[in-house]
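Peer 1: Quick one, what's the 3D model for this:
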Amino acid sequence: MPAKRSQPKDRKPRADAQRNRQRLLEAAKEAFTRSGADTSLEDIAKQAGVGPGTLYRHFPAREALLEAVYRSEMEKLAAAEQKLAKEMPPIEALRAWLLLFVDAIATKQLIAPALNTLVGDHKKVFESSYARMWEAIRALVRRAIKSGDIRKDLDPIDLLRALIGVANVAASPDWRQSARRLVDILIAGARPIE
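Peer 2: You can find the predicted model right below:
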C-alpha cells in the first residue's frame with residue numbers, strides 16, 4: 001500500500017490569499033482608526049474588496065483581526081529600523097523611527113482596549129512585540145552613538161518611555177502633535193555635550 005502524502009504544515013499561502021490578507025489588514029487599520037474597534041467587519045471586507053467569507057477565513061473573530069492588525073503594525077515598525085538604517089544617516093534614521101513609533105502608539109491605543117476585553121491573555125500579544133521594539137531602538141541608538149551624533153550615556157529605552165508617557169498623560173486628541181514635537185526635543189537633548 002503506498003504511503004500517504006502529507007501536506008507540509010509550513011506551506012505558504014497562495015499569493016492571492018496573501019494579497020487578500022494584506023488588504024484586509026490595511027482596511028481594518030484604517031477602519032479601526034476612523035471608527036474604533038467596533039467598526040463593522042462587513043464594511044472592512046467591502047473596503048478591502050473581498051467578501052465576508054474571505055475575511056472570516058483569515059480572521060474567524062473580531063479579536064483575531066484586531067490582534068493581527070496590531071502585530072502587523074509592530075512588525076512593520078521593527079522592520080523599518082533596518083530600512084531606515086540603510087537609507088539615512090544615523091541621527092535621521094533614529095528620528096524617523098521615533099516618529100513611526102508615535103504612530104504605533106496611536107494604533108495600540110485604539111486596539112488595546114478591545115484586546116483587553118476580547119482576548120483572554122492580551123499581555124502575550126503585546127509582549128511578543130516589545131522585544132523587537134527594544135532591539136530596533138537599541139540598534140538605532142548604537143549607530144547614532146557610534147557616528148558621534150548622540151551622547152554615549154543615552155539609554156534607548158528612555159526615548160520610548162518619554163513618548164509613551166506623552167501618549168498616556170495627554171488625553172487630548174492632539175497628543176500626537178505633541179509627541180512629534182517631543183521627538184525633536186529628545187533628539188536635540190541627546191546630542192553630545194561639547
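Peer 1: Number of residues surrounding residue 161?
Peer 2: Residue 161: 11 surrounding residues under other Cβ atoms under 10 Å. Every C-beta, even on glycine, is put in place using the N, C-alpha and C of the backbone.
Peer 1: next one: residue 50
Peer 2: Neighbours around residue 50, by other Cβ under 10 Å: 19.
Peer 1: okay, and for the protein, where does confidence drop off?
Peer 2: 1-13, 110-126, 170-172 (pLDDT under 70).
Peer 1: Helices along the chain, start to end?
Peer 2: 15-35, 41-48, 52-58, 62-87, 90-118, 122-146, 156-169, 175-190 (DSSP state H).
Peer 1: Mind giving me the packing neighbours of the second one?
Peer 2: Under the contact criterion of 3 or more Cβ pairs under 8 Å, 6 or more residues apart in numbering; DSSP states H and E, the helices and strands touching helix 41-48 comprise helix 15-35, helix 52-58, helix 62-87.
Peer 1: quick one: buried residues of that helix?
Peer 2: 41, 44-45, 47-48 (16 or more other Cβ atoms under 10 Å).
Peer 1: again with stretch 178-185
Peer 2: Buried, per 16+ other Cβ under 10 Å, within stretch 178-185: 179, 182-183.
Peer 1: Could you do stretch 158-174 as well?
Peer 2: Those buried within stretch 158-174 under the rule 16+ other Cβ under 10 Å are 159-160, 162-163, 166-167.
Peer 1: How about stretch 14-24?
Peer 2: Buried residues in stretch 14-24 (16+ other Cβ under 10 Å): 20-21, 23-24.
Peer 1: Nearest to residue 63 among those residues?
Peer 2: Closest approach to residue 63 among these (Cβ to Cβ): residue 24, at 14.6 Å.
Peer 1: Assess the claim that the closest one and residue 55 are in contact.
Peer 2: Yes: if you go by Cβ atoms under 8 Å, residue 24 and residue 55 touch, sitting 5.8 Å apart.
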